[in-house]
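Peer 1: when you get a sec, could you give me coordinates for this:
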Amino acid sequence: MKPVFIALFFSAALLASVSHARAERDAAPFGKSVAPILIKNCLGCHNPTDPKGTLDLSQKKAMLKGGDSGPAVVPGKPDESYIIERVADGSMPPEGKGKRLTKTEIDTLARWIKAGMSWPKGRVLSALELTTDKRAGVDWWSLQSIVQPAIPQVENSEWPETPIDAFVLSKLEERGLQPAQPATKRTLIRRATLDLLGLPPTPTEIDRFLADDRPNAYRRLIDRLLASPRYGERWGRHWLDVVRYTESDGFEHDKFRPHAWRYRDYVIDSFNADKPYNRFVTEQLAGDVLQPVTRGGLIATGFLVAGPWDEVQYVAASQAERKRAHEEQMAEILATISQSFFAMTVDCARCHDHKFDPFPQADYYSMKAVFDGVDHSQGRTVGNRSILTAAEKKQHAAAIAPINQRIKQLQSQIAVIENQLPQPATLADVKRLSDSLVPGKFGKALNTKVNTASLASQGVFHTPPFTVECFAKLNSKADFNVLVANNLKSSAAHWEIYSFAGEGDFSAYLPGYKPNTVRSGVNITDGKFHYLAMQFDGKQLRLYVDAKLVKEATLLKQAGTEDVGQLYLGGYPPHKIGCDGVLDEVRISRGIRPIDGIPPGPWTADENTLGLWRFDKINHNQFANFVPSQSGKNAKQLDTERQVLNEQLQVTQQELKSHTIPLAYIGYRNQPPPTHLLLRGDLKTPGPEVVATGFSNITTPNPQFGLSSKSPEGSRRLKFAEWATSPEHPLTARVIVNRIWQYHFGKGLVKTPSDFGFNGGLPSHPELLDWLATDFVRHGWSIKHLHRRIMQSAAYRQSSAINQRAAELDPDNRFLWKFSPRRLEGETVRDVLLAVSGELNHQIGGPSFQPFTVTVFNTHFYHLFDSEKSQYNRRTVYRANVMTGRSPLLDAFDCPAPSISAPKRASTTTPQQALALMNDSFVLRQAERLATRTQETVGGDANKQVQQIYQRALGRTPTRSEATDMVTLVKQHGLKTACWVLMNSSEFLYLK
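Peer 2: Reported below is the predicted structural model:
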C-alpha cells in the first residue's frame, strides 16, 4: 500500500507541476503585455486620482475590489470577469476615450486572468508611463537620454560638407529628393550678415568678400560676423523674445522699470562673449548664489522677474488676495522657466496631472518649491536692487560716509543762514502787491519791475510730470528776466523759466538734471505779450512760444537733495535777479497739459491744476501766501555767504554722484514657508507638503536634490540649475539647439520650440537633433560653435530656388530641399532702414531710449512721438520695451507684446504693413536721408544715383531694365521717391 501511495503522490505533484507550467506558459507577461494594455486603454479614466465609477485599475488590490459595478476581475475566471465583458462588447473604452481593443489584446487579458492574474508586488500602474494616441508617457522621445547617433551613409556623397548635411540628405533621398544648388557668394554674405547681425552688409564688405578667392573665405566671413558686437544685439533679441522681457509692469498701472535694461545688456554681453550656455542658464536661475557672486550673476536673475507683474493685487489689503497674486506670479515664472529651458508646459499641471504630458501635479508644486522665494517686490518696495557684491558694498559705504557728513554740515549751515533772511509778511504785503498791478493781457497784471510775488511751494510744484504756463511782456534782453522759479538753486528740485541775458530767448534752467540749461533760441523780449509754456515729464522737456514747440530736449536726472522752498513769480530774490516786464496768468499743472493753441481768455482751474494765479482779483484769501520780496540791510551779505555754501554743496553732491549705487530690476528673494500641493489648484484645499525637486519623469540626472522645506531658497535654485544643466539632461541641450536652428532656417527641427511635449509633435530629423545636441555639449555648450556648424553646412548655403516636384512633396520645406526665404522681423526692418540711410546710431548698451512721453493719472500713459535726434536712432533692441508704448511700424510687422513669451515670431501679410512703409514718417525720413547721402557722394547724375542706392539698399547693382526704369523715376519724381520704392520692395524686406 505504501509504495502505491508514494507513486500516486509523485504522479499528482508531477501533474500539478505540468499544469502550473502550462498556465505560466499560456499567461501573458504582465510588464510587457498586460500593463501596456491597461495603461494605454484604461487608466485615463480608472486611476487612483479620479476613478470613474470608483473603479481603480492601477493596483491589483483595487482591481479585485472593483467599483460601482462590483469586482472587475475574478482570478482564474475570465468569463466571469466584468472587465473582459466590457472590453469584448466594445463599451469600454467609451466612444471618444480611445480605440476599441483588438481581439489579440482581449485574449491577452483573458489569458492573464485565467492564469491567476499575476501582479508584481508593490507595482502601481500610472497613466503617465506610456505614450498613447491621446498623450505622451515617460517613454516620450524628448524625455529619453541623448545618444549621439551614427552619421548616415548617403548616395550623393559629394554634396555633404558637414555631418549635418549627411542627416539632411538622408531624409531627402528617402523621399527621392535632392538639395538645391548652392547660393551665390553675393547672396551668402547678405544672408549671413542679416542672420548673425540683423544688419545688411555694406557695399565695401560685399566687394571685399566677392574678391576673396581663398578656400576659407566663407569661414572667415562667419568668424568676422561672430566677433562683431552687433551679433549679441541680434541674437540677444531672440532670447529676450523667449523670456518675455519687458520694461514695464503691465496690468492696470503699467509702471516703467527704469533699471530693467541691465538684464537686456547682460544677455547681449553673454552672447557676444560666447558664454557657455550651461553657465548662462545657471546664472539666470541662481546667479545671486553662484560663487563667487558677480554683478553679472546678480543681474542675470532679472530673468526670473522679467515678465509682467500685477502690483495692484500684490499690495491688496486682503491677505487671501495677496496669496492668490503670489500663486499667479509663480505660475507665470514656472511657465517661463519650463518652456524657455525645457520646452515643457509644466504649468499645465497646476490644478491636476498634465492632460497630455507625463507630469503629475506634484511636479508642478515641487518646481514651485524651488522658486517660491522669488518675488517682484518686498511689500511696496519694488524690485530695483543694488547689484554691488558684498565686498563692493563695504567699499562703497566707506567711500561715501565722509561725503555724506560734509553734505549734512553744509545743509545745516545753509539752513542757519536762511533762517536769518527776511521772512515774508502777510496781509500788508498783499496790499503792497496790489499797488504794483498794471493793465495786462486779461485784466490786471503784475509789474515785475516793481515787485516779485512768492509763496511756500511745499514741494507740490517740483515733481514731474508738470506743465508751467504764463503770459508775459518783457521789455529788455540785457539781463536775465525770471518769470517763474521754484525752490532754491541748491535744490535738485529747482526749476525756472526765464529769458536769457543778452539774447532774450525763452529758456529753462533745471540744476538737478543734465544738461541743466535748455534754450529755445526764440527772442521774447520785444515788448509784446507772449504765451509761454514748459512741459517736463522727468526726462523730456519742451518749450513753447505762442503755442509753437520751439525746443525739445532730453534730460538725465542727477543725484541731489530735493529741498522744499519758495515759488517765485516775476523774479528770483535769493540771487537778486529781477524781471523787467509784466506777468499775467500763471498756471502750474499736474501732468503734461496739451498745448493746442493760445488760450483765448482768462484761465480757470481744473482737476489737473496745482496752482493758478491771476492778478486782476487779488484778495487776502486768494493770495495770502504771495508777498513782495523784501531786503534788509544784512540780506546781501547773508545771501553771498549762502551762495558760497550752495556752491560748495553742489560740488560735494556732484562728488557723491560719482559713487551712485548701480541698480537693476532683479526682484527680491525671501525664505518661503513649506510648499503644499494645492488640490485642484485651490489655495483653500492644501494637500501634502512637497519639497524642491526636478521633474519626476526624468530619472537621469537624478531629480531628487536631498532638500527639505527648511533648505535655503537660494540653494534650491542652485540645485535645480545644476540638474538642468547636467550634460545628461535630455531636454536642455536639445531645446537650445532647436532654437538656434529655427532662427537660422525659419523653422526648428521641432516646429514648436517651446513645446517638446505631445502637442508639440515630433522632430523632422530626430537623429540630427541629437547629433547637434551631443556635439554642442561636447564643445563646451558654445553657441558660436553651433552657429559655425550650421552656417558652414551645405544645407544652409543652398539657394532659394523652387523645385516644383519637391514643393509638391514637401510644401513646408520641412526636409530642407532649399533655403526658405523669410521676412525680416519688425526690429530688423527698422534697423536695416537706419543702416541703409546712414542714420543708425551704434551706441552699445545703457539705458533704453524712450520715444514717448509718460502721463501718470492713476495709470501710466505712454504717448509716442517721432524724433529725428540721433539718440532715437539706436538699434531697436535698445528701445524701451514697454507694454503699452508700442510702435505702429513695429506692430505692423508682428513685433510681439512683451508680456508673453514669443518663441516663434508670427509672419503675417497685411495691408497695414504696406501702409506703414508707404506713409510712416520714420520710413519717409530714412528714404530722404539715403537720397541726401547719395547726392553728396555721387552728385546729380541719375544713373550713378541709381547704381548707388541699389548697392546700399539691396547689396547689388540693378539689372539693365531696373536701371532704365529707376532713372526715369528719379527724373520724374526725385531720388527720395526712388529710395522709398526700394525700401518697400520684397528684396529689401526678406532674408533669402
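Peer 1: all strands for the stretch 601-750 of the chain, in order.
Peer 2: Residue ranges of the strands in the stretch 601-750 of the chain, as given by DSSP state E, counting those that start in this stretch, are 609-613, 627-628, 663-665, 668-669, 675-678, 686-690.
Peer 1: likewise for the stretch 401-550 of the chain?
Peer 2: For the stretch 401-550 of the chain, applying DSSP E, counting those that start in this stretch gives strands covering 437-440, 443-447, 453-456, 466-474, 481-486, 495-499, 505-509, 513-514, 517-523, 529-536, 540-545, 548-554.
Peer 1: let me know the helix or strand that the residue nearest to residue 815 when sequence neighbours are not counted is in.
Peer 2: Sequence neighbours aside, residue 171 is the residue nearest to residue 815 in space, at 4.8 Å (criterion: CB to CB, 6 or more residues apart in numbering). C-beta here means a position set from N, CA and C on the backbone, and glycine is covered the same way. Using DSSP states H and E, residue 171 falls within helix 163-174.
Peer 1: give the buried residues for that helix.
Peer 2: Within helix 163-174, the residues scored as buried using 16 or more other CB atoms under 10 Å are 163-172.
Peer 1: any chance of these in a markdown table, plus distance to residue 88 and pLDDT?
Peer 2: A markdown table is the format used below for these (distance: CB to CB, whole Å; pLDDT from 0 to 100):
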| residue | distance to residue 88 | pLDDT |
| --- | --- | --- |
| 163 | 52 | 98 |
| 164 | 52 | 98 |
| 165 | 53 | 98 |
| 166 | 50 | 98 |
| 167 | 47 | 98 |
| 168 | 49 | 98 |
| 169 | 50 | 98 |
| 170 | 45 | 98 |
| 171 | 43 | 98 |
| 172 | 47 | 97 |
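Peer 1: redo those as JSON lines? Include distance to residue 285.
Peer 2: Shown next, in JSON lines, are the buried residues of helix 163-174 (distance: CB to CB, whole Å):
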{"residue": "163", "distance to residue 285": "32"}
{"residue": "164", "distance to residue 285": "30"}
{"residue": "165", "distance to residue 285": "36"}
{"residue": "166", "distance to residue 285": "36"}
{"residue": "167", "distance to residue 285": "32"}
{"residue": "168", "distance to residue 285": "34"}
{"residue": "169", "distance to residue 285": "39"}
{"residue": "170", "distance to residue 285": "37"}
{"residue": "171", "distance to residue 285": "36"}
{"residue": "172", "distance to residue 285": "40"}
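Peer 1: could you say which of the strands of the stretch 601-750 of the chain is packed most deeply?
Peer 2: Ranked by mean neighbour count, these are led by strand 627-628 with a mean of 24 (mean count of other CB atoms under 10 Å).
Peer 1: and the average pLDDT for the biggest helix by length in the chain is what?
Peer 2: Ranked by residue count, the top helix of the chain under DSSP state H comes out as helix 390-420. Mean pLDDT, helix 390-420: 87.
Peer 1: next one: phi and psi at the residue sitting nearest the centre point of the chain?
Peer 2: For the chain, residue 245 is the residue whose C-alpha lies nearest the centre (CA atoms, centre = their mean; 1.2 Å). Residue 245 adopts backbone torsions of phi -70, psi 130, taken as degrees, to the nearest 10.
Peer 1: need the nearest residue in space to residue 696, chain neighbours excluded.
Peer 2: residue 363 (5.5 Å).
Peer 1: secondary structure element for that neighbour?
Peer 2: Here residue 363 is assigned to helix 361-371, by DSSP H and E.
Peer 1: I'd like to know which elements that helix is packed against.
Peer 2: helix 319-342, strand 675-678, strand 686-690, helix 713-724 (3 or more CB pairs under 8 Å, 6 or more residues apart in numbering; DSSP states H and E).
Peer 1: please export the C-alpha coordinates of that helix as CSV.
Peer 2: Output in CSV follows, covering the C-alpha atoms of helix 361-371 (Å, rounded to 0.1, in the frame of the first residue of the first chain):
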residue,chain,number,x,y,z
GLN,A,361,0.6,67.6,-10.3
ALA,A,362,3.2,67.0,-7.7
ASP,A,363,5.9,68.0,-10.3
TYR,A,364,4.4,71.5,-10.6
TYR,A,365,4.5,72.1,-6.9
SER,A,366,7.9,70.5,-6.4
MET,A,367,9.2,73.0,-9.0
LYS,A,368,7.2,75.8,-7.2
ALA,A,369,9.1,74.8,-4.0
VAL,A,370,12.3,75.7,-5.9
PHE,A,371,11.2,79.2,-6.8
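Peer 1: all numbers from here: first residue = 45
Peer 2: Renumbered: residue one is now 45, and that last one reads helix 405-415.
Peer 1: what comes into contact with the helix or strand that that helix is followed by?
Peer 2: Remark: after helix 405-415, the chain's next helix or strand is strand 418-419, criterion DSSP H and E. Strand 418-419 has contacts (CB atoms under 8 Å, 6 or more residues apart in numbering) with 348-349, 370, 373, 377, 427, 711-714, 757.
Peer 1: now stretch 344-353
Peer 2: 287-290, 293-295, 304, 306-307, 310, 324, 327-332, 373, 376-377, 380, 415, 418-421, 427, 708-711, 927, 943.
Peer 1: repeat the analysis, applying 6 Å as the threshold.
Peer 2: Stretch 344-353 is contacted from outside by 287-289, 293-294, 307, 310, 327-328, 331-332, 376, 418, 420, 427, 708-711, 943, using CB atoms under 6 Å, 6 or more residues apart in numbering.
Peer 1: buried ones among the residues you listed?
Peer 2: Members of these classed as buried by 16+ other CB under 10 Å are 287-289, 293-294, 307, 310, 327-328, 331-332, 376, 418, 420, 427, 708-711, 943.
Peer 1: how far off strand 730-734 does the helix holding residue 407 point, in degrees?
Peer 2: Helix 405-415 runs at 60 degrees relative to strand 730-734, counting by axes from the mean of the first three to the mean of the last three CA atoms, to 10 degrees.
Peer 1: got the angle for helix 405-415 vs helix 363-386?
Peer 2: Relative orientation of helix 405-415 and helix 363-386, computed by the same axes, to 10 degrees: 100 degrees.
Peer 1: show me the shaky parts of the stretch 495-644 of the chain.
Peer 2: By pLDDT under 70, the weakly predicted segments of the stretch 495-644 of the chain are 499-504, 607-609.
Peer 1: domains for this structure, by residue range?
Peer 2: The record's domain parsing of the chain by automatic domain parsing lists 70-171, 320-431+706-766, 434-457+676-704, 467-674, 966-1035.
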